[in-house]
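Q: Let's see this in three dimensions:
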Amino acid sequence: MLRLLLPLVLILDDLHWADTPSLLLLQFLAREVAAMRVVVVGTYRDVELPVSHPFRHMLGAVAREPVVSSLLLHGLSEQAVAQFMESTTGVPPTAAMVTAVYQRTEGNPFFLTEVIRLLATEGVHTALGNVQAALELPAAGSRSRRGSSLPAAPASVARLAR
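A: Sure thing, here's the model as predicted:
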């Protein structure tokens with residue numbers, strides 16, 4: 001058994017994209033971690049995955065372990081989105097812009113940051129009343145807009161980015 005002198009924190013991000021061997025390793029860790037000075041933090045998005053997906057099976061098995069705790073994070077409120085937009089850009093957004101951005105990002109801080117970055121790139125941050133620009137943004141989680149702004153790359157690389 002692994003004996004650690006110092007505590008260890010292991011962070012596993014985007015588990016909803018993990019392959020089966022990685023999920024089996026996480027299942028093993030969940031059973032063995034009680035005897036170790038290790039904290040494992042796994043993150044995943046609650047996305048639509050088929051019931052047969054290996055992640056769903058692993059999640060059910062890991063959740064039954066006595067040392068496992070779960071913390072559900074929600075998106076920011078519409079008011080918090082407005083505050084974030086203003087503090088990030090220095091420009092107070094219109095209520096319509098806040099609503100449009102909130103609906104597109106669902107308050108997800110990562111998506112919100114990306115949307116604000118994209119709006120700033122397009123020069124919209126100085127006129128946050130441009131609701132149409134926010135409405136034309138892809139929905140939360142979409143890579144289509146981001147992939148279209150990439151510089152020219154080999155076709156195989158460009159396909160992966162989309």
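Q: before we move on, which element is the residue nearest to residue 23 when sequence neighbours are not counted in?
A: With C-beta to C-beta, 6 or more residues apart in numbering as the criterion, residue 23 has its nearest non-adjacent residue at 4.1 Å, and that residue is residue 58. All C-beta atoms are positioned from the backbone trio N, CA, C, and that covers glycine. Using DSSP states H and E, residue 58 falls within helix 54-63.
Q: So which bits of that helix are buried?
A: Within helix 54-63, the residues that count as buried by 16 or more other C-beta atoms under 10 Å are 55, 58, 59, 61, 62.
Q: Just say helix, strand or coil for residue 41.
A: Under DSSP: H, G, I helix; E, B strand; the rest coil, the three-state class of residue 41 is strand.
Q: which helices and strands sit right next to the helix holding residue 58?
A: Helix 54-63 is packed against helix 20-32, with contacts defined by 3 or more C-beta pairs under 8 Å, 6 or more residues apart in numbering; DSSP states H and E.
Q: And the helix it packs on, what does it pack against?
A: If contacts are counted by 3+ C-beta pairs under 8 Å, 6+ apart, helix 20-32 sits against strand 8-12, strand 38-42, helix 54-63.
Q: And the residue nearest to residue 23, how far from residue 11?
A: With distances taken as C-beta to C-beta, to the nearest Å, residue 58 is found 17 Å from residue 11.
Q: before we move on, what about residue 102?
A: Counting by C-beta to C-beta, the gap from residue 102 to residue 11 is 28 Å.
Q: on that earlier part again, quick one: mean pLDDT for the helix holding residue 58?
A: Mean pLDDT, computed over helix 54-63, is 86.
Q: which outside residues touch it?
A: 15-16, 18-20, 23-24, 26-27, 30, 44, 49-50, 68, 70 (C-beta atoms under 8 Å, 6 or more residues apart in numbering).
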